[in-house]
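*Asks:* 3D, please:
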Amino acid sequence: MYERYNYRFNSRFAQMNKAFVKEDGSEEEEEGHPSAPALPQGAKNYMTRRGYALLKAELEQLVRTERPALVQVVSWAAKNGDRSENGDYIYGKKRLREIDRRIRFLMKRLETSVLVDPAKQENTEQVFFGATVTVCDSEGRECSYQIVGIDEADAGQGMISWISPLARALLKAREGDTVRFHSPAGPRELDIVEIRYG
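*Replies:* Now for the predicted structure:
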């Protein structure tokens, strides 16, 4: 199913007007997206089904709605005379490059994703990808974190990337263990209170 989806979008994207993809013919950085963390060299792109669905929905929105609408605006603006002073044309072309870069980035991330279903984890006594871990700090404050893929991490929502220092410290730990890691504020210790999957 995923292969069919990726092929369909690859084919559709390849058919798009190349004038809107690259303006100067130079090779753009495929990995490059300002807010996207890079995967460690040789690491797999682990992702939950929820994270995959979010990236897939964003890709579909860009390819089916946002990009075609913008192409129409740029085409209309190009017909209005001098392009060097045409704000709609200049902004539209710039935005198209950004959208195309994001589309390539999303396609690459989806193609290389390794889907993990936390509900199917058999060893629920240890922390692995997808686990939700409740921890207690030295002052007795409890927090819960779910270990997720790098593109779905949101620390404010308690979702941390599996490559973050905290997640690396938690991996393979068990309830009752104390883990140590280096946070931006310095060394920390956390006691593992509970591990949940699903």
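*Asks:* What is the burial count for Ala173?
*Replies:* Other residues lying near Ala173 total 19 when counted by other Cβ atoms under 10 Å. (C-beta placed from N, C-alpha, C; glycine too.)
*Asks:* next one: Ala131
*Replies:* Neighbourhood size, Ala131 [other Cβ under 10 Å]: 23.
*Asks:* Next, the contact list for it, please.
*Replies:* Pro118, Gln121, Gln146, Ile147, Leu170, Ile195, Arg196, Tyr197 (Cβ atoms under 8 Å, 6 or more residues apart in numbering).
*Asks:* possible to save the residues you listed as CSV with distance to Val71?
*Replies:* As requested, the contacts of Ala131 are exported to CSV (distance: Cβ to Cβ, whole Å):
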residue, distance to Val71
Pro118, 40
Gln121, 44
Gln146, 38
Ile147, 39
Leu170, 45
Ile195, 49
Arg196, 46
Tyr197, 44
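*Asks:* Just the ones of those residues in helices?
*Replies:* Leu170 (DSSP state H).
*Asks:* Restricted to strands, list the contacts of Ala131.
*Replies:* Counting by DSSP state E, those place Gln146, Ile147, Ile195, Arg196 in strands.
*Asks:* How about the first one, nearest residue that isn't a chain neighbour?
*Replies:* With sequence-adjacent residues excluded and distances taken as Cβ to Cβ, 6 or more residues apart in numbering, Gln146 is closest to Thr132, at 4.4 Å.
*Asks:* so what's the one you found up against?
*Replies:* Contacts of Thr132 (Cβ under 8 Å, 6+ apart): Pro118, Ser144, Tyr145, Gln146, Ile195, Arg196, Tyr197.
*Asks:* Neighbour count, pLDDT and distance to Glu175 added to those residues, as TSV?
*Replies:* Output for the contacts of Thr132, formatted as TSV (neighbours: other Cβ atoms under 10 Å; pLDDT from 0 to 100; distance: Cβ to Cβ, whole Å):
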residue	neighbour count	pLDDT	distance to Glu175
Pro118	20	91	16
Ser144	12	96	13
Tyr145	21	96	14
Gln146	22	97	16
Ile195	20	97	6
Arg196	13	95	10
Tyr197	17	94	13
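*Asks:* How far off centre is the lengthiest helix in the chain?
*Replies:* Longest helix in the chain, counting residues (DSSP H): helix 87-111. Distance of helix 87-111 from its chain centroid, counting by Cα atoms, centre = their mean, to the nearest Å, is 16 Å.
*Asks:* Could you give me the buried positions within it?
*Replies:* Of the residues in helix 87-111, those with enough neighbours to count as buried (16 or more other Cβ atoms under 10 Å) are 89, 92-93, 96, 99-107, 109-110.
*Asks:* Looking at the contacts of Ala131, spot the one nearest Arg49.
*Replies:* Pro118 (9.1 Å; Cβ to Cβ).
*Asks:* For that closest one, which non-adjacent residue is closest in space?
*Replies:* Nearest one to Pro118, counting by Cβ to Cβ, 6+ apart, is Gly130 at 2.8 Å.
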